[in-house]
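Trainee: Requesting a structural model of the entry that follows:
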Amino acid sequence: MTEKNSRLSQLLDREQSADPAAIESQFCHHLEYTIGKNKYDIKNEDIYKALGYTIRDFLIDRLNETHTVYEDTKPKKVYYLSLEFLMGRTLHNALINLGLYETIQKVLHSLGYELADILEFETDAGLGNGGLGRLAACFLDSLATLDMPGYGYGIRYDYGIFNQIIANGFQVEMPDHWDADGVPYEVVRPDRVHPVNFYGHTESRVNAKGDVSHHWIPTETVLAAAHDYPIPGYNTSTVNHLRLWTARSSEEFNFDYFNHGDYMKAVEDKQISENISKVLYPNDTTEQGKILRLKQQYFMVSASLQDILRKHKQDYNKFDNLSEKVAIQLNDTHPSIAIPELMRIFLDQEEWTWEKSWSIVISIFSYTNHTVLPEALESWSVGLMQFLLPRHMEIINEINFRFLEEVKSMGKLSESEISEVSIFQETPDKRVRMANLAIIGSNKVNGVAALHTELIKTTIFKSFYKIYPEKFVNKTNGITPRRWMVQCNPALSKLAASKVGDNFASNLDELRGLEKYVDDAGFQEDWKKIKLDNKIQLAKLVKSETGITVDPNSIFDVQVKRFHEYKRQLLNILNVIGQYRRIKENPNQDFTPRTVLFGGKAAPGYFIAKLIIKLINSVAEIVNRDPDVSDRLKVVFLPNYRVSQAEKIIPATDLSEQISTAGMEASGTGNMKFALNGALTVGTLDGANVEIMEEVGEENIYIFGLNVNEVSDLKGRGYNPKDYVDSNPELTRILRMIRDGFFSGNDSYLFQPIYDSLYYSDNYLLMADYDSYDKIQMKISEDYKDQKTWTKKSILNTARMGKFSSDRTIAEYCEEIWNIKPVKRQKPRSLNKIL
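Mentor: This next block holds a predicted model:
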């Protein structure tokens, strides 16, 4: 190293100072020089940006330190590929994990600003649709917290999950330009750009060895440019990163078209190329929409693999040891095109044999399944894939041929079962089944809850399980307690820390120590006060967002999640109508006041889910204006549900609605977040609800409805919802109110599709479960009156949620699937004391 480079290295190794005076100076520097502000022109938004850049300095400092440690130790690394990362807001979480929250709070206060107010200026990074994307975000937090060398790869969408507004009760989608004001903690990497190819044809040639080699001749190239988002671990110096790709044209501007006056054509290539990273989940009901969505998947996969392989080649100058140093996790089937892509690189670029290539590929990839619904398993038209990725289609054909030959030689499957495991679905529109490809090309396949894993082994993947039983493992999902307790519920976190110490944020099992205080009257009062204070804050939010006044002393009964029929928000609102009827018929009866709060978005093309949102708002309009019930029952739909809103709702919730049809929710993570914050669950024996019940105890959760076996048996016998409706006069009256226009201004057509779906088909068994659900809700109303017992149950829910930390989940992945070991800095800094 030259003297100049040695001096530069020493300067770069200097650490950022966490001294308040140094932070204040750094902050003011960014305010004046990075943002360009003077003392006469400073807004709160500017304070947020300057703070973001200040914290970015700390993040980059530790990111570079972590990179140095990895360079020195050369550990095996895991790469988490996901089309969704629902990060929400970053700054608050970074302050907690870096151990800087209190310091920054004091610095800003001394300058005349309140940190809590400034943090509200950050826009959610809504780069995901729901649980799958939020799970990915939690996993990155846990990887860094556990000092595991792991990174995320995805797409930096210009527009995330849409902003939802409610107009006349209907959902209206608006663009979510989440980065319109810039992202101060983002690190743009102009030196990390990779070409991604599409279309064209393949050619076969004889190489120098006399072997036939294959070459893809693409006709379109798009550039993938890297943007990094530092991911700090909690109470550690480790900072990993999430790398998101944005699409750029390989031909930014055509001067020839411009000089001839065709100004639109001059930038057409740029616009078409950049559409790839324009929007999360484009509407794929059209052929162009399908092409764009498959392009997104390959774009992310190709850029990420190039990035991974570039670094590996730089370190080792070979790929033979790739499986010893790299593990790749496929978060659902969206990235599964990575399997034929890596095969293409080995076969066509490295000129390896098929056998050598395949042995490396299957030892690198693992696949997480997130659904038990056959219709939700992704597939692509063979014609479309052949058109867009011709070489990959050839490789998929070969993978399938060799796999089926192997399966036939085993003699374990019938002809129909062999057809089930084939990558190709032999229909008139022949299709590529991406889940089958992912299973065949992975060394492990995991479900995300114990029940879910058993179901995929006995239903949708039962034939695969016959031939590859060793591949299937369970990894029950988890949540990061840093965001979902420490950050979103600081008062409860401080109370817990006062009894069990503040290490629970990185070892959630330590909350078990709260059990000894469940009957302590003083502790119960503190617990209840924190819950009431959180409810008061949520009531203010409800008032400002909807204009509805709610009583913080009522049961806050909450169902917030993506809208889908199997999640059964419709069952909830049916029961609300039933409660409304009872109050109207017996206005003098004793009724426990209840606020029923809904939130969530429906996919833009999902007609019935959007109609259910309209029904909820229509019921709210009637119920909330009725003086007979106004102080006893309120219905609220909070628009534009997102991570930052969840952080306010969850700590204030008394009752968590987890009421999906048994056997249809893979896991759920909302159920864990609510229980961790002391909400009691009302739910079916579905997904992770089963394991939550096992942990918290049957007496501390409200379970109703058919179980998985009963659902299967009922459907097998021939389910007829009419039988349940006609035998239940209360249910009959509820459905007639919907059908006859009671909630739609006497418009008997508006909600007819909902009535018809319930009365004639009811695919998700709402009618079969209604009576059980209604009875458990009446029991809940009665139990809530005994606040001492309710509070005891609330404390026990929080105390017994240790299993559901994403730290536990990631530790299991690292040990049992990825074979990844922690890598720690030799001399960690003195860090967190936030509780």
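Trainee: ok, and for the helix or strand Lys793 falls within, which residues are buried?
Mentor: Using DSSP states H and E, Lys793 maps to helix 787-799. Residues Trp790, Thr791, Lys792, Lys793, Ser794, Ile795, Leu796, Asn797, Thr798, Ala799 are the ones in helix 787-799 that count as buried (16 or more other C-beta atoms under 10 Å). Bear in mind the C-beta positions are built from the backbone N, C-alpha and C, glycine included.
Trainee: same thing with stretch 810-826?
Mentor: In stretch 810-826, counting by 16+ other C-beta under 10 Å, buried: Ile810, Ala811, Glu812, Tyr813, Cys814, Ile817, Trp818, Ile820, Val823.
Trainee: Nearest to Ile396 among those?
Mentor: Checking the buried residues of stretch 810-826 against Ile396 by C-beta to C-beta gives Ile817 as the nearest, at 24.2 Å.
Trainee: picking up where we left off before, so which of the buried residues of stretch 810-826 comes closest to Leu244?
Mentor: Looking across the buried residues of stretch 810-826 and measuring by C-beta to C-beta, the closest to Leu244 is Ile810, at 20.4 Å.
Trainee: residues touching that closest one, list them.
Mentor: Phe139, Ser142, Leu143, Leu146, Met148, Gly478 (C-beta atoms under 8 Å, 6 or more residues apart in numbering).
Trainee: Could you measure from the first one over to Tyr298?
Mentor: Shown here: Phe139 relative to Tyr298, a distance of 23 Å by C-beta to C-beta, to the nearest Å.
Trainee: coming back round to it: can you redo the buried residues of helix 787-799 as CSV with pLDDT and distance to Pro335?
Mentor: As requested, these are exported to CSV (pLDDT from 0 to 100; distance: C-beta to C-beta, whole Å):
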residue, pLDDT, distance to Pro335
Trp790, 98, 44
Thr791, 98, 45
Lys792, 98, 45
Lys793, 98, 41
Ser794, 98, 40
Ile795, 98, 41
Leu796, 98, 39
Asn797, 98, 35
Thr798, 98, 35
Ala799, 98, 38
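Trainee: so which of those comes closest to Pro604?
Mentor: Nearest to Pro604 among the buried residues of helix 787-799, with distances taken as C-beta to C-beta, is Asn797, at 35.6 Å.
Trainee: Now the closest one: closest residue in space that isn't a chain neighbour?
Mentor: Nearest residue to Asn797 in three dimensions, chain neighbours excluded: Ala675, at 4.6 Å (C-beta to C-beta, 6 or more residues apart in numbering).
Trainee: what's the neighbour count on that neighbour?
Mentor: The number of residues packed near Ala675 is 30, by other C-beta atoms under 10 Å.
Trainee: ok, Leu437 touching Ile396?
Mentor: Yes. Here Leu437 reaches Ile396: they are 6.6 Å apart, a contact under C-beta atoms under 8 Å.
Trainee: Could you pull out the residues contacting both of these two?
Mentor: By C-beta under 8 Å, 6+ apart, the residues touching both Leu437 and Ile396 are Pro340, Ile423.
Trainee: ok, back up a step: nearest to Phe742 among the buried residues of stretch 810-826?
Mentor: Ile810 (49.9 Å).
Trainee: The closest one: helix or strand, and which one exactly?
Mentor: Ile810 is part of helix 806-813, with elements assigned from DSSP H and E.
Trainee: Ramachandran angles for the residue lying farthest from the centre of the chain?
Mentor: Centroid-distance maximum for the chain: Gly210 at 49.2 Å, with C-alpha atoms, centre = their mean. Phi and psi for Gly210, reported as degrees, to the nearest 10, are phi 90, psi 10.
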